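> Predicted model, plus sequence, below.
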Amino acid sequence: MSIHTILETKVKVAARSIFDAELPSVEFQPTRKDFEGDITVVVFPMLRVLKGNPVQIGEQLGAYLKDEVAEVSGYNVVKGFLNLVISDSFYLDFFNGIKDLSDFGLVKESAKDAIMVEYSSPNTNKPLHLGHIRNNLLGYSVAEILKASGKKVYKAQIINDRGIHICKSMLAWQRFGNGETPESTGLKGDKLVGNYYVAFDKAYKEEIAQMMADGVEEKVAVKEAPILLEAQEMLQKWETGDKEVVSLWKKMNGWVYKGFEETYKNMGVDFDKLYYESNTYLLGKDFVADGLKRGVFYKKDDGSVWIDLTDEGLDEKIVLRSDGTAVYMTQDIGTAIQRVKDYPDINGMVYTVGNEQDYHFKVLFLILKKLGFSWAEQLHHLSYGMVDLPSGKMKSREGTVVDADDLMVDMTATARELSEELGKLEEYSHEEKQVLYKMVGLGALKYYLLKVDPKKRILFNPEESVDFQGNTGPFIQYTYARIQSILRKAKDTNVDLSTPLEATEELHPKEKELIKQLQIFPETIQLAAAHYSPALIANYVYDLVKEFNSFYQQISILGETNEKQKVLRVQLSKKVSEVIESGFRLLGIDVPERM
RNA sequence: GGUGGCAUAGCUCAGCUGGAUAGAGCACCUGCCUUCUAAGCAGGCGGUCCUAGGUUCGAAUCCUAGUGCCAUCACCA
């Protein structure tokens, strides 16, 4: 039973016996650092039921609790706040209970209630950039957090492998490529294909300029540039299954997938299931037809099918073109349903997609509800803010993107420079150092992107790069490494960790604070899962680490002469490092033995 | 114009269902490495919580209106 539950019951009993009044609820908060105590009962809300002076009420309740509740060892009242001192033995007991749990804070997966988390879902015409990194890290992390909160999770992505965008790259390659391949150029496949996407845009713009010079109106030129018409023709050929086009499409997408795989591997993300738009883009029409029959949709005179969402404060939205072809929405309806067919235990989905598509998902979810799917109640758009540069939006066609691979390499290089400057790694081999540099560089990047509330936009300044000090990934990794160093020394000096921790020991305030912070790890995971927010985990781990560093700097751990006290401190350090590790695992960040 | 999101220290961000004197990091200034890793610790400086009303014993937090920035409102994806 949690301490809050115990206290709530007792406070109610106290109110009954002292004031003969029934409290509907009791409000707690952690006691502020500048007051004595651990848990604070807020008296003000009780005034609705108990008439009187809040300070006096606080005093009376405090005295009662101190006498009647074993866990309460003291109290003081400031204004309407009753600060309770919780006994050391309570915290020690708690710590004893968790110190040997390898999965502290994590909830075992329950068989039912699977949830699919979609993230990444790139187009196949260009390499991944910083925006994709945020998407991938968020999706991956939320998936891990949901798992840790007890859900079964399938990670999925839908690869946008067809459409005009890839035809543009294909056409440009055909025209200007001279048979180039990743092998012949030494370029990563996604980079190579991306280059042709840019080449297409360049040629396209030149044609427009030429046409305008020849007196064609811009509006017309934009639509009728020959190279664009040719790309559209290519798309039609693709749709009819033209052998040559399909084979080129397969070849170039194959290059891209290989490139993506490498990027994903470096980023440390993975998927349980891959969907390809080329397989799913025709899905959904049947359900539109069905919904039409049932009056969910309606048909306009020109044959196009719509849904009227004006009652919900939204607009009318098209779900099928007049020529009977699917729009994006049609596909998304079909794909959602397909996923539940593929995984019947799914009861909910999370879509990690930028906030520019907020409206789309609002509509999609509403449609699925109106179509009557039970799981439609459990859909969530994990909407996140854009990553912008000081110069504004990233635009791949204009070359103003921060490339994902380049950025990871840069971060690793920065970590190496810093590390070499500090020179603490004599014992490491060359290979071990490389692994560490990457771990720290990526740790900095991942933490930087994940510690911010997902819905806020991030301004990324490549000039200033990412910090390695303060509230950063490396700071936390460093703390972890320091603890590992202590644990190694404890082992070398034969500190017997099996020595039982006794409730008779008096806790140092720093020890107590650490235990309090450990205590809220499980609820933090649940909160982060409920809010789909890795930022909550990041902030929690940061607070824990700050608390630990203060502890570490102020009191001696291995130098402690009282053996029992020493064991407690080593145990505490060990547990803190384990929680750092599991917290960081939820963010997809690794932790080092040394740094 | 309609809709949605955001606005907190010079900069980057926390602030859970309303609670005490609004917290961190960076930057700047002071101290601390013969003692467990100084990527650290301790302290200082720094605030009209966008503005104006309202609800409340109590508002950065909730409500209304306004301002600014961003997104969105296509038979595009």
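Yep, it's here. Numbering: from 1, shown residues only, chains lettered A, B, ... in the order given.

> which residues touch the residue nearest the centre of chain A?
In chain A, the residue lying closest to the centroid (Cα atoms, centre = their mean) is A:Leu138, at 2.9 Å. By Cβ atoms under 8 Å, 6 or more residues apart in numbering, the contact list for A:Leu138 reads A:119, A:352, A:382, A:384, A:449-450, A:454, A:534. Just so you know, the C-beta spots here come from the backbone N, C-alpha and C atoms, and that holds for glycine as well.

> 10 Å instead, please
A:117, A:119, A:350, A:352, A:382, A:384, A:449-450, A:454, A:532-535, A:588 (Cβ atoms under 10 Å, 6 or more residues apart in numbering).

> so of those residues, which ones are in helices?
A:449-450, A:534-535 (DSSP state H).

> Out of those, grab the one that's most surrounded.
Taking other Cβ atoms under 10 Å as the neighbour criterion, A:Pro534 ranks highest of those with 29 neighbours.

> need the contact list for that residue.
A:Pro534 neighbours (Cβ under 10 Å, 6+ apart): A:137-142, A:144-145, A:446-447, A:449-454, A:528, A:583, A:586-588.

> please redo it, this time with the cut-off set to 8 Å
Contacts of A:Pro534 were listed using Cβ under 8 Å, 6+ apart, and they are A:137-138, A:141-142, A:145, A:450, A:454, A:528, A:586-587.

> Check A:Lys446 too.
Applying Cβ under 8 Å, 6+ apart to A:Lys446 gives the contacts A:137, A:473, A:587-589.

> now the nearest residue to A:Asp308 once chain neighbours are set aside: how far from RNA strand B?
The shortest distance from A:Asp308 to any non-neighbouring residue, by Cβ to Cβ, 6 or more residues apart in numbering, is to A:Glu316 (5.2 Å). Distance, A:Glu316 to RNA strand B, by Cβ to the nearest atom of the strand, to the nearest Å: 8 Å.

> returning to that earlier point: give me phi/psi at the residue nearest to the centre of chain A?
Main-chain torsions, A:Leu138, degrees, to the nearest 10: phi -60, psi -50.

> and the residue nearest to A:Asp308, how many neighbours?
Counted with other Cβ under 10 Å, A:Glu316 comes out at 11.

> related to what we said a few turns ago, quick one: which of the contacts of A:Lys446 is most hemmed in?
Among the contacts of A:Lys446, A:Gly473 has the most neighbours (other Cβ under 10 Å), with 33 neighbours.

> Name the nearest residue to that residue, sequence neighbours excluded.
A:Tyr447 (3.1 Å).

> Retrieve the pLDDT associated with the closest residue to RNA strand B within chain A.
Here chain A gets closest to RNA strand B at one residue, A:Gly470, 2.1 Å apart by Cβ to the nearest atom of the strand. pLDDT for A:Gly470: 94.

> go on, A:Ala503?
Looking at A:Ala503, its pLDDT stands at 55.

> Show me which residues of the stretch 1-150 of chain A are close to RNA strand B?
Residues of the stretch 1-150 of chain A lying close to RNA strand B (Cβ under 7 Å from any atom of the strand) are A:27, A:29, A:31-32, A:34-35, A:37, A:40, A:42, A:44-45, A:47, A:78-81, A:83, A:123.

> no, scratch that, I was asking about the stretch 201-350 of chain A
Residues of the stretch 201-350 of chain A found near RNA strand B (Cβ under 7 Å from any atom of the strand) are A:277, A:300, A:302, A:304, A:313, A:315, A:318, A:321-323, A:327-328.

> run the last query once more with 10 Å
Within the stretch 201-350 of chain A, the residues that sit near RNA strand B (Cβ under 10 Å from any atom of the strand) are A:277, A:281, A:300-306, A:313-332.

> Could I have the buried ones of these as PyMOL selection syntax?
Selection of buried members from those for PyMOL, criterion 16 or more other Cβ atoms under 10 Å:
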select buried, chain A and resi 277+281+304+305+306+317+318+319+320+326+327+329+330+331+332
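
> Just the ones of the residues of the stretch 201-350 of chain A next to RNA strand B in strands?
With DSSP state E as the criterion, strands contain A:305-306, A:316-320 from among those.

> Around A:Asp88, count how many other residues there are.
Counted with other Cβ under 10 Å, A:Asp88 comes out at 18.

> how close does it sit to A:Leu507?
4 Å (Cβ to Cβ, to the nearest Å).

> you'd agree A:Glu377 is up against A:Lys370?
No. Counting by Cβ atoms under 8 Å, A:Glu377 does not reach A:Lys370; the two are 12.0 Å apart.

> who has more neighbours, these two?
Neighbours per residue (other Cβ under 10 Å) separate A:Glu377 from A:Lys370, with A:Lys370 holding more: 17 against 11.

> Quick one: residues contacting that one.
So A:Lys370 contacts A:291, A:296, A:307 (Cβ under 8 Å, 6+ apart).

> before we move on, the earlier item: please identify which helix or strand holds the residue nearest to A:Gly473.
If you go by DSSP states H and E, A:Tyr447 is part of helix A:430-450.

> now for the next helix or strand after that helix, which elements pack on it?
With elements assigned by DSSP H and E, the helix or strand that comes after helix A:430-450 is strand A:458-459. Helices and strands touching strand A:458-459, by 3 or more Cβ pairs under 8 Å, 6 or more residues apart in numbering; DSSP states H and E, are strand A:387-388.

> got the buried residues for the helix or strand just after the strand it packs on?
Per DSSP H and E, strand A:387-388 leads on to helix A:404-422 as the next helix or strand towards the C-terminus. Across helix A:404-422, burial judged by 16+ other Cβ under 10 Å covers A:404-405, A:407-408, A:410-412, A:414-416, A:418-419.

> Helix A:404-422 vs helix A:430-450, what angle?
Orientation of helix A:404-422 against helix A:430-450 (axes from the mean of the first three to the mean of the last three Cα atoms, to 10 degrees) gives an angle of 120 degrees.
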